[in-house]
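>>> quick one, what's the 3D model for this:
(2 chains)
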Amino acid sequence: MLLLALVVVEMAYFAHAGSNFFTAGNAAEVLRASVEIGLLALALTAVILTGGIDLSVGSLLGLAAVLMGAAHRDLGLPIAAAALVAIAVGVGGGALNAALVARLGVPPLIVTLGTYSLFRGVAEGFTGGIRNYTDFPPALLFLGQGRLPGGVPAQVPLLVTAAVFFWLLVHRTPVGRGIRAIGFSPEGARFAGIPVARRLLLVYVLSGAMAGLAAVVYAARLGQAKADAGSGYELFAITAVVLGGTSIFGGRGSVHGTLLGLIAVALLQNGLRLSDQPAELAGILTGVLLLGAIGANRLVAERSRA
Amino acid sequence: MRRLGVVLGLAALALACGGGGGGGAGGGATSKSGPTVAMMPKNKGNPYFVSCHKGAQEAADQLGVKLLWDGPTETDPAKQNEVVEAWITRGVDVIAVSVENKEAISTVLRKARAKGIKVVTWDADAEKDARDVFVDQATPQGIASVLLEHTSRLLGGKGSFAIITASLTAANQNEWIKNIREQMAAKYPDLKLVDIRPSDDDRKRAFDETQTLLKVHPEVKVIMAIASPAVPGAAEAVKQSGRPDVKVTGLGLPNASKPYLKDGVLDSVVLWNTMDLGYLTIRVANALARGTLKQGPAGLDADRLGPHAVDGDHVVLGTPFTFTKDNVDGFDF
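The predicted structure follows:
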């Protein structure tokens, strides 16, 4: 509710202050620019619901992007196969996180802080920091830059599909209930017969897979894959999740909340630009919104407990 | 009810910030007197670009141009694209970009041109068909030649040097390095380039890389720092190493270099006048928007810079300039 009101206020304000803000063309551009972060945020919602975190998604996006570029250009794979390579790299990276978290019981913050450096480092080492994969075929570039009939950016259906998938998974299946139970209490969940390790494996692998998919979309949108692709995206995605009302301690939260959080942040950045405001302001306001939203949530939670 | 109060309070705060930061930059079409030029640096925090902004603003005030100045504050390669996208949606007459990522930005610049927006690149170029004109600060040959003259003089014509660059992918720096290698092969057979390290346009990183370089390659006697934050970073590292036999030369801003030039650690700094670069870019953008840009040796009237040659889609600011401890006090940027 709180967030919906915020989005409405943002729209009303920027429709007044920005040039060409309230147009279909701009809505399409906002959506287009949000797809990669959105994919990461959806998967992160599931991760954070278990009480975990995945800081490695931005780095994994970069690694998957350059390996996709290499698979296409250096190995000569067709672009569809190269895209599968990116997703496979994502799944592999996610599986590494998953194994360390679920099998060895290392805290996810530490595991993914490690792989955050590891994946980016491998991507930089692999390309020497220099190589930039370009010359992607038109079919891929269409996915990132083209429009479907009706003016919908070509990558948006991917985000919608992923959103439906995660919503059903989290809110309509026993797996989703298990994920939230783990967030409330891993021990309790285990005693309740929930296969905790398997569920944790699932969410981290999904997170990696989404990072791989986001890498494909990123390369398609920018027409290049370089080792610095997606740097800082993990923080934007976590912001969207937390702003969307998911508790960082796990258990509480929703996929639709994450989508609203994503829109709130994306509209803020876009609207400020269209009203000729400097980009730093977006950073300040995002911070203010995040702290405000969390503070408000806390207040509401304390009140309902009292 | 209380919840709603919090929401409204938050929203009011957001609006207050939004309104306050604006400084009167209200709705889009404020004045029809001059063209709206949207200009983007690679990085807004770098003093190099801050001084470009100064010159650009001066020209904009003279010409009645509405200047929008925005760009990345962080190292996200997608950021420049997003800002350009927003400018296309907003609607501007000219977009002028100092390009960080050639391949990535060219797609959106082409899109801007398709929508009838004039595109200028300045400081660093995009792909040729993605822009109308490139405002070049100096030719890579000219820069490489002056840098090598200083290096060779410091080494007495023979010895090893290393380069601290911006990032390993920065297009400008790579072009200079290519020219440095070519001219070394032709004119300086006894100079040896032993290593090229990145600084990511960060002073601290340049400091760390230089310290490592001095340890790994003790034979290096000259550090050539070719990004403006890298010069003071490298000079500080050499100073702290206590090696009087090592000197720094490079390409950077006079103010940041001043103390090290006086110290003697830094021998010389090569650069063009960055304020003039911003000034010339707005002059070109304005002429392009008004359709007054002509071909030929005096195709552009750049007012205080005099007439400039327009050679196809190329306008050059001039020859590089060397700052030394004797002349640096005359400059402040």
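>>> the helices in the chain, which residues?
No chain was given, so I picked chain A. A:2-17, A:24-49, A:57-73, A:79-98, A:108-127, A:138-145, A:156-172, A:174-184, A:186-191, A:196-222, A:233-243, A:255-274, A:279-305 (DSSP state H).
>>> that was the other one, I meant chain B.
Counting by DSSP H, chain B has helices at residues B:2-22, B:47-63, B:79-90, B:102-114, B:140-155, B:171-187, B:203-216, B:230-241, B:254-263, B:274-290.
>>> around chain B, which positions in the stretch 101-250 of chain A sit nearby?
The stretch 101-250 of chain A comes close to chain B at residues A:128-130, A:132, A:134, A:141, A:145, A:218, A:221-224, A:226, A:228-229, A:231-232, as judged by Cβ under 8 Å from any Cβ of the partner chain. Bear in mind the C-beta positions are built from the backbone N, C-alpha and C, glycine included.
>>> rewinding a little: buried deepest among the helices of chain A, which one?
With neighbours defined as mean count of other Cβ atoms under 10 Å in any protein chain shown, those peak in mean count at helix A:57-73, which reaches a mean of 28.
>>> now the angle from it to helix A:24-49?
Going by axes from the mean of the first three to the mean of the last three Cα atoms, to 10 degrees, helix A:57-73 is angled at 110 degrees with respect to helix A:24-49.
>>> run the angle between helix A:57-73 and helix A:196-222 for me.
Orientation check (the same axes, to 10 degrees): helix A:57-73 against helix A:196-222 gives 60 degrees.
>>> residue contacts, residue 247?
Looking at chain A here, since you left the chain open. Counting by Cβ atoms under 8 Å, 6 or more residues apart in numbering or on different chains, residue A:247 touches A:48, A:183, A:253, A:297.
>>> meant chain B actually
Taking Cβ under 8 Å, 6+ apart as the test, what residue B:247 contacts is B:154, B:221, B:222, B:223, B:238, B:265, B:266, B:267.
>>> was I right to think the fourth one contacts residue B:165?
No: with the criterion set as Cβ atoms under 8 Å, residue B:223 and residue B:165 do not qualify as a contacting pair; they are 11.4 Å apart.
>>> neighbour-wise, which of the two wins?
Taking neighbours as other Cβ atoms under 10 Å in any protein chain shown, residue B:223 and residue B:165 compare with residue B:223 leading, 30 against 25.
>>> for the more buried one, give its distance to chain A.
As defined by Cβ to the nearest Cβ, to the nearest Å, residue B:223 lies at a distance of 20 Å from chain A.
>>> likewise for residue B:265?
From residue B:265 to chain A the distance is 28 Å (Cβ to the nearest Cβ).
>>> now do that residue, the pLDDT please.
For residue B:265, the pLDDT comes out at 95.
>>> ok, now residue B:73?
79.
>>> give me the neighbour count for it.
Residue B:73 sits with 15 neighbouring residues when counted by other Cβ under 10 Å.
>>> now for the nearest residue to residue B:72 once chain neighbours are set aside: which residues touch it?
Spatial nearest neighbour of residue B:72, excluding adjacent residues (Cβ to Cβ, 6 or more residues apart in numbering or on different chains): residue B:79 at 3.9 Å. Counting by Cβ under 8 Å, 6+ apart, residue B:79 makes contact with A:279, B:71, B:72.
>>> got a list of what residue B:281 touches?
B:39, B:52, B:56, B:59, B:96, B:120, B:122, B:135.
>>> who touches the residue nearest the centre of chain A in this structure?
A centroid search over chain A (Cα atoms, centre = their mean) returns residue A:40, at 1.7 Å, as the residue closest to the centre. Residue A:40 makes contact with A:57, A:58, A:61, A:207, A:210, A:211, A:214, A:233, A:234, A:237, according to Cβ under 8 Å, 6+ apart.
>>> cool, and residue A:272?
Listed by Cβ under 8 Å, 6+ apart, the contact set of residue A:272 reads A:14, A:278, A:279, A:281, A:282, A:285, B:18.
>>> that older thread, ok, so of the contacts of residue B:79, who is nearest residue B:146?
Residue B:146 has its nearest neighbour among the contacts of residue B:79 in residue B:71, at 28.0 Å by Cβ to Cβ.
>>> domain parsing of chain B, as residue ranges.
With domains defined by automatic domain parsing, chain B comprises B:32-138+B:274-318, B:140-271.
>>> quick check: residue A:264 touching residue A:7?
Yes: here residue A:264 lies in contact with residue A:7, judged by Cβ under 8 Å, at a distance of 5.3 Å.
>>> nearest residue to the residue of the stretch 151-300 of chain B found nearest chain A in space, please, no chain neighbours.
Here the stretch 151-300 of chain B gets closest to chain A at one residue, residue B:168, 4.3 Å apart by Cβ to the nearest Cβ. Distance criterion Cβ to Cβ, 6+ apart; nearest residue to residue B:168, sequence neighbours excluded, is residue A:129 at 4.3 Å.
>>> between all of the contacts of residue B:247, which two are separated the most?
B:221 and B:266 (14.2 Å).
>>> these two: who's more crowded?
The residue with more neighbours, out of residue B:221 and residue B:266, is residue B:266; 30 against 19, by other Cβ under 10 Å.
>>> check contacts around the more buried one.
For residue B:266, the contact set (Cβ under 8 Å, 6+ apart) comprises B:231, B:235, B:247, B:248, B:249, B:250, B:257, B:260.
>>> now swap in residue B:160 and tell me
Neighbours of residue B:160 in contact, by Cβ under 8 Å, 6+ apart: B:191, B:192, B:193, B:194, B:217, B:219, B:220, B:221, B:222.
>>> filter the residues you listed to the buried ones?
For those, a burial check counting by 16 or more other Cβ atoms under 10 Å in any protein chain shown picks out B:191, B:193, B:220, B:221, B:222.
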